[in-house]
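Peer 1: sequence and computational prediction follow.
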Amino acid sequence: MLLTYLKVFLVGGVVCLIGQLLINLTKMTSAKILVTFLLLGVLLEAVGIFDPIKEFARAGITIPITGFGSTLAKGAIEGVKEEGLIGALTGGMRAAAAGLSAAIVFGFLVSLVFKARTKV
Amino acid sequence: MNGGKQTIVFQNKPCVLAGYSIVGPKESMGPLDPYFHKRLRKDDFGQSSYEKAECKLHMSAISGAIIAAGLSPKDIDANIGGDLLNQIITSSFSARELDIPFVGMYSACSTFAQALIVGATLIDGGYIRRAACSTSSHFSTAERQYRYPLELGTQMTPTSQWTVTGAGCTVLGKYGEGSKIYLESATIGKVIDFGISDANNMGAAMAPAAAQTVIQHLEDTGRSVDYYDNIVTGDLGIYGSRLFLELLESEGIHASAKHKDCGEMIYDKKQRCPQGGSGAGCSSVVFNSYFLHQMRSGSIKRMLLIPTGALLSKLSSLQGETIPGIANAVSFCVEE
Amino acid sequence: MLSKTEYLELDKKIAPKSKEGRTLFFAFVVGGVICMIGQGVSDLFKLVIPAADEKLLGEITSTVMIFLGAILTGFGIYDKIGKHAGAGSIVPITGFANSVVSPAMEYRSEGVVFGVMCKMFVIAGPIIVSGVASSILVGLIYWFVGVAA
């Protein structure tokens, strides 16, 4: 149990550390960082490396946006398995629906309740 | 021009009748706090949006300066103002509330100099009696227009600067209205681009323009930096100032002992603004508070104010354009 | 004055740099902690719903984490974390939530339709577009490989 959490911490930390290195070296903005890691997740899933990493690191690799990428790619692959060609189109969005809908609905609700504040 | 390649020399000593500065909470925590005329406790100024807050700031600075000069709006022939927002809505919307003819200005953070130069020229030529030259900027409006939403968790890069929340206004009038501080000459800057493309490194983008303007000013007037008590740049920031001095040094001009930068002065190191302040309001609040005070008290007799501007937009950055800079210089003298 | 190339070289040479050690440390720690929280959420729901399979748990976890990111953004806490953590709070799924919620809040002053709804994906849009497009590509490749085999 404790070991799992240590692994989660270490792998998650290292993923973010790589992101910070990219920011420091290339002055990438946050949108580009997110896209990069998302595509990394898609790639890892597509070549079949994501699952072994997930076995080891659990949330350490699924909580970073790489997990979202993997969900999308996995969904597309499963879609093809179940429905053939059309599944490539529908599978990804279907698998990622929870995350996307959550972001939209919470984003909408929060914006109605809170006001943006100045940084100090 | 009558004073050389880029310099105009005023003939009739247009004077600074009064100045007024109003700043946000962060600025009032900085080292210049005692000099400001008014400080906001909250930077929304009781308005429903930050744009409206900036507009109210701008208006307050103008009316504050007019009152400080012992005048009323009808005594002012022109409000010459500008800001950073698209279509300079801050200055034009604040002019909507004032019953004063309006001239809108834009040259990014160098707008204050532009406004002073136009105002002084109109007075010097005898076309108008008095002008209120105003500029403003607001962190929260500039941030959303040029950068990111306020609540986005981003880090400031080491060369970035903090947009000043504040507005300043200077009322200019004719010689003989009781003021000893007058505008002696002004150098209109060229737009200069040395190829800096990082929008978070504006000090470096503006430093060449500032250096060129100062070099040309000294050449046109036949002066050395020793003529001035202070050479004051607008918002080059700590790093931009270093580049500016290096550029002058390469021309054999040693200005570091005389140089000050409004952006560097306005915040404390502890306030976590990597290179200091910036924005159209930066040079105008610092000039109208600290430097006007120094000139009145006699500790500065001659100063060259060089507000600097980075002429970029979000679109130009996205299209891969580099950042052109501009700097206009205004020379102030205190009559003995 | 210096030439353009000389100037750009000077800028490269003397420009202040990020505090590497400090930023990397905070990114590592905060990123790691957020992932641990995610793991905690997942384990907790595993206890609550023993029958839940991995897919359902994953969906619940990302929903909860996105909610946390959204609410922390609403209270103005997430940007303060981000100031120190950098990528540590950008890369996790909470950072994705932050990039959706922050423009939605920011543009509230321009109205619900043209402000909130239009601008919500002004930063996160590329994530959706690139993610969906690349997943379709992966599906297509998978299909081709299957057909060929």
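Peer 2: Alright, I've got the coordinates. Given the structure is predicted, the values throughout are model-derived calculations rather than measurements.
Peer 1: tell me the spatial nearest neighbour of the closest residue to chain B within chain C, not counting adjacent residues.
Peer 2: Residue nearest to chain B within chain C: C:Gly82 (2.0 Å; C-beta to the nearest C-beta). To be clear about C-beta, it is placed using only N, CA and C from the backbone, and glycine gets the same treatment. Using C-beta to C-beta, 6 or more residues apart in numbering or on different chains and skipping residues adjacent in sequence, the residue nearest C:Gly82 is B:Gly153, 2.0 Å away.
Peer 1: quick check: which element contains the one you found?
Peer 2: Assigned by DSSP states H and E, B:Gly153 falls within no helix or strand.
Peer 1: scan chain C for its longest helix.
Peer 2: helix C:20-48 (DSSP state H).
Peer 1: is any part of the helix or strand following it close to chain A?
Peer 2: The element immediately downstream of helix C:20-48 (helix or strand, assigned by DSSP H and E) is helix C:54-74. Yes: counting by C-beta under 8 Å from any C-beta of the partner chain, chain A is contacted by helix C:54-74 at C:55, C:58-63, C:65-67, C:70-71, C:73-74.
Peer 1: filtering those residues by proximity to chain B, which remain?
Peer 2: Among the residues of helix C:54-74 next to chain A, chain B is touched by C:Thr73 when using C-beta under 8 Å from any C-beta.
Peer 1: helices of the chain, residue ranges please.
Peer 2: Here I'm looking at chain A. Using DSSP H, helices in chain A cover A:2-26, A:30-46, A:50-57, A:59-62, A:65-83, A:85-113.
Peer 1: actually it's chain B I care about, not the one you picked
Peer 2: Going by DSSP H, chain B shows helices at B:25-28, B:50-68, B:89-97, B:111-124, B:139-146, B:202-221, B:237-249, B:262-266, B:280-286, B:292-296, B:314-318.
Peer 1: does the shortest one reach chain C?
Peer 2: Pointing back at helix B:25-28 there. No: using C-beta under 8 Å from any C-beta, helix B:25-28 never reaches chain C; the gap is at least 14.3 Å.
Peer 1: now that helix: buried residues?
Peer 2: B:26-28 (16 or more other C-beta atoms under 10 Å in any protein chain shown).
Peer 1: ok, the longest one next?
Peer 2: Residues of helix B:202-221 classed as buried under the neighbour-count rule (16+ other C-beta under 10 Å) are B:202-218, B:220-221.
Peer 1: residues in contact with the nearest residue to C:Trp143 once chain neighbours are set aside?
Peer 2: Closest residue to C:Trp143 apart from its sequence neighbours, by C-beta to C-beta, 6+ apart: A:Val80 at 4.8 Å. By C-beta atoms under 8 Å, 6 or more residues apart in numbering or on different chains, A:Val80 lies in contact with A:87-88, A:91, C:139, C:142-143, C:146.
Peer 1: could the residues you listed go into TSV alongside pLDDT and neighbour count?
Peer 2: Formatted as TSV, the contacts of A:Val80 follow (pLDDT from 0 to 100; neighbours: other C-beta atoms under 10 Å in any protein chain shown):
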residue	pLDDT	neighbour count
A:Gly87	95	21
A:Ala88	95	24
A:Gly91	95	27
C:Gly139	96	28
C:Tyr142	94	21
C:Trp143	95	20
C:Gly146	87	13
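Peer 1: which of those lies closest to B:Ile22?
Peer 2: A:Gly91 (57.7 Å; C-beta to C-beta).
Peer 1: ok, that closest one touching C:Leu140?
Peer 2: No: A:Gly91 lies out of contact with C:Leu140 (C-beta atoms under 8 Å); the separation is 11.0 Å.
Peer 1: which residues of chain A lie near chain B?
Peer 2: Going by C-beta under 8 Å from any C-beta, the residues of chain A near chain B are A:23, A:27, A:29-30, A:116-120.
Peer 1: and those, which two are furthest apart?
Peer 2: Maximum distance among these (C-beta to C-beta): 26.0 Å, for A:Lys27 and A:Arg117.
Peer 1: chain B versus the most centrally placed residue in chain A, what's the distance?
Peer 2: Nearest residue to the geometric centre of chain A (C-alpha atoms, centre = their mean): A:Ile65, 2.2 Å. For A:Ile65, the distance to chain B equals 14 Å [C-beta to the nearest C-beta, to the nearest Å].
Peer 1: got a list of what that residue touches?
Peer 2: Counting by C-beta under 8 Å, 6+ apart, A:Ile65 has contacts A:34, A:37-38, A:41, C:91-93, C:95-96, C:127.
Peer 1: can you check B:Arg242 too?
Peer 2: Neighbours of B:Arg242 in contact, by C-beta under 8 Å, 6+ apart: C:Ile14.
Peer 1: please apply the same query to B:Phe139.
Peer 2: So B:Phe139 contacts A:118-119, B:24, B:26, B:43, B:162-165, B:279 (C-beta under 8 Å, 6+ apart).
Peer 1: and the residues you listed, which of them are in strands?
Peer 2: B:162-163 (DSSP state E).
Peer 1: residues near residue 78, how many?
Peer 2: Unless you meant another one, I'm taking chain A. The number of residues packed near A:Glu78 is 18, by other C-beta atoms under 10 Å in any protein chain shown.
Peer 1: looking at chain C here, not the other one
Peer 2: Count around C:Tyr78 with other C-beta under 10 Å applied: 26.
Peer 1: quick one, grab the pLDDT at the nearest residue to it once chain neighbours are set aside.
Peer 2: Of all residues not flanking C:Tyr78 in the chain, C:Leu72 sits nearest, at 4.3 Å (C-beta to C-beta, 6+ apart). We have a pLDDT of 97 for C:Leu72.
Peer 1: returning to what we had before: C:Phe28: which of the contacts of A:Ile65 is nearest?
Peer 2: Sorting those by distance to C:Phe28 puts C:Val91 at the head of the list, at 11.1 Å, by C-beta to C-beta.
Peer 1: so which bits of chain C are right by chain B?
Peer 2: Residues of chain C found near chain B, taking C-beta under 8 Å from any C-beta as the criterion, are C:1-2, C:4, C:7-8, C:10-11, C:14-19, C:23, C:73, C:76, C:78-86, C:89-90, C:95, C:98-99, C:101-103, C:105-107, C:109, C:123.
Peer 1: picking up where we left off before, turn the buried residues of helix B:25-28 into JSON lines, including distance to B:Met303.
Peer 2: Listed next are the buried residues of helix B:25-28 as JSON lines, based on distance: C-beta to C-beta, whole Å:
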{"residue": "B:Lys26", "distance to B:Met303": "26"}
{"residue": "B:Glu27", "distance to B:Met303": "21"}
{"residue": "B:Ser28", "distance to B:Met303": "24"}
